[in-house]
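Asks: build me a model:
(one chain, ligands or ions: 1)
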Amino acid sequence: MSNHPPVHQARKRFGQNFLRDPGVITRIVHAIAPRSDQRLIEIGPGQGALTEPLLDAAGALEVIELDRDLIPGLRVQFFNYPAFAIHEGDALKFDFAALAAEGETPGKPLRVIGNLPYNISTPLIFHLLTARDVIADMHFMLQREVVERLAATPGSSAWGRLSVMAQYYCQVDNLFVVPPEAFTPRPKVESAIVRLVPHAEPPHVAHDEALFGEIVREAFGQRRKTLRNNFKGRLDDAAWDVLEIDAGRRPQTLKVEELVRIANHVAGATP
Ligand SMILES: C[S@@+](CC[C@H](N)C(=O)[O-])C[C@H]1O[C@@H](n2cnc3c(N)ncnc32)[C@H](O)[C@@H]1O
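Replies: As a prediction, this is how the structure comes out:
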């Protein structure tokens, strides 16, 4: 059992919407299924809605919290848990690879969890993807629309750069929707829980991942244009023939594997 935290006024600039619904909290913890031999990292513990059941299940937990005013409350609340640690700071700048290399179990992959502030969710996911080698999996509560983009399939309206980059590096599962009433204060939009599990090896390997990222950005830069127009400076009709991709298609229809094929062709063609 934890101690009772002091009263805190939710702050908009830190994207604070605190989870209050015990049924939703149980469902999230159940989906994560934490175990005592795992290294759990929670981003943005807030007032500990997820922290407490995660700690009870795993026995150990580290949190990263940016709002300094929440830190004393967390210290009081989890005073009785010896294996609870707080990292004060910005998760967007946090070195997850260095964290995984240190501590009592260096090298143990991290399980990252967070009910994330909506304003930082996409950059934070891109930041975490750079540390994917030290991450076992990630479970996030995000704006429902962002989860739908992460887990989209080619051809759908939600399919875009975020879907491609997430699915290049991870298996992505849209788990369930969480209504605004589950939080205080209530957000204006619906939320959803997503699971991202980094692939040990990407199923389709881009030889130059930075170039792959550029190609994906260019592909979706102007969605209404055909591939021929979007890649005018890079690929001519002969190249599209070699790639066996119809240059009259829209970027929205491209699969991850096709984007990898384009990037690898461009990489090969670049002197
Ligand atoms: C949506 S609230 C979730 C709070 C709590 N986990 C819950 O479910 O009730 C987001 C939390 O992330 C924290 N936060 C915001 N920006 C952050 C950042 N860049 N790095 C770490 N924590 C951040 C906020 O202060 C807040 O505690």
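Asks: just the element for the residue lying closest to residue 148 once chain neighbours are set aside, please.
Replies: Spatial nearest neighbour of residue 148, excluding adjacent residues (CB to CB, 6 or more residues apart in numbering): residue 158 at 4.7 Å. (Glycine included, C-beta is placed from N, CA and C.) Using DSSP states H and E, residue 158 sits within no helix or strand.
Asks: and residue 56, by the same measure?
Replies: In the assignment (DSSP H and E), residue 56 maps to helix 51-58.
Asks: same deal with residue 140?
Replies: Following DSSP H and E, one finds residue 140 within strand 135-143.
Asks: helix or strand: which one has the residue of the chain most remote from its centre?
Replies: Going by CA atoms, centre = their mean, the residue of the chain most distant from its centre is residue 238, 37.9 Å out. Using DSSP H and E, residue 238 maps to helix 237-243.
Asks: buried residues, that helix. List them.
Replies: 239-240, 243 (16 or more other CB atoms under 10 Å).
Asks: for that helix, list the C-alpha coordinates in CSV.
Replies: In CSV, the C-alpha atoms belonging to helix 237-243 read as follows (Å, rounded to 0.1, in the frame of the first residue of the first chain):
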residue,chain,number,x,y,z
ASP,A,237,10.5,5.7,-65.6
ALA,A,238,13.2,3.1,-66.1
ALA,A,239,13.9,3.0,-62.4
TRP,A,240,10.2,2.4,-61.7
ASP,A,241,10.3,-0.5,-64.2
VAL,A,242,13.2,-2.1,-62.4
LEU,A,243,11.4,-1.6,-59.1
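Asks: what about the closest residue in space to residue 142 that isn't next to it in sequence, which SS state?
Replies: Distances taken as CB to CB, 6+ apart place residue 121 nearest to residue 142, at 4.9 Å, with adjacent residues excluded. Going by DSSP: H, G, I helix; E, B strand; the rest coil, the secondary structure assigned to residue 121 is helix.
Asks: avg pLDDT for the helix holding residue 56?
Replies: Averaged across helix 51-58, the pLDDT comes to 96.
Asks: and that helix, what does it pack against?
Replies: Packed against helix 51-58, as judged by 3 or more CB pairs under 8 Å, 6 or more residues apart in numbering; DSSP states H and E, are the following elements: helix 22-32, strand 39-43, strand 61-65, helix 71-77.
Asks: now the angle between helix 22-32 and the second one, please.
Replies: Computed by axes from the mean of the first three to the mean of the last three CA atoms, to 10 degrees, the angle separating strand 39-43 from helix 22-32 equals 140 degrees.
Asks: can you give the strand pairings for strand 39-43, parallel or anti for each?
Replies: Paired neighbours of strand 39-43 in the sheet (DSSP bridges): strand 61-65 (parallel), strand 110-115 (parallel).
Asks: of the ones you listed, give the one that comes closest to residue 189.
Replies: The stretch from the strands paired with strand 39-43 with the least distance to residue 189 (CB to CB) is strand 110-115; that distance is 13.8 Å.
Asks: ok so, going back, the residue nearest to residue 148 contacts residue 144, doesn't it?
Replies: No. With contacts counted by CB atoms under 8 Å, residue 158 stays clear of residue 144, the gap being 10.6 Å.
Asks: contact partners for residue 191?
Replies: For residue 191, the contacting residues are 141-144, 147, 177-180, 182-183, by CB atoms under 8 Å, 6 or more residues apart in numbering.
Asks: what's the nearest residue to the one residue in the stretch 151-271 of the chain that gets nearest to the ligand if we skip its chain neighbours?
Replies: Here the stretch 151-271 of the chain gets closest to the ligand at one residue, residue 183, 7.2 Å apart by CB to the nearest ligand atom. Spatially, and ignoring its direct neighbours in sequence, residue 183 is nearest to residue 17 (4.1 Å; CB to CB, 6+ apart).
Asks: what about the one you found, how many neighbours?
Replies: 21 (other CB atoms under 10 Å).
Asks: if we can go back for a sec, now the two most distant members of the contacts of residue 191.
Replies: 147 and 183 (15.7 Å).
Asks: doesn't residue 194 fall inside a strand?
Replies: Yes. Using three-state DSSP, the assignment for residue 194 is a strand.
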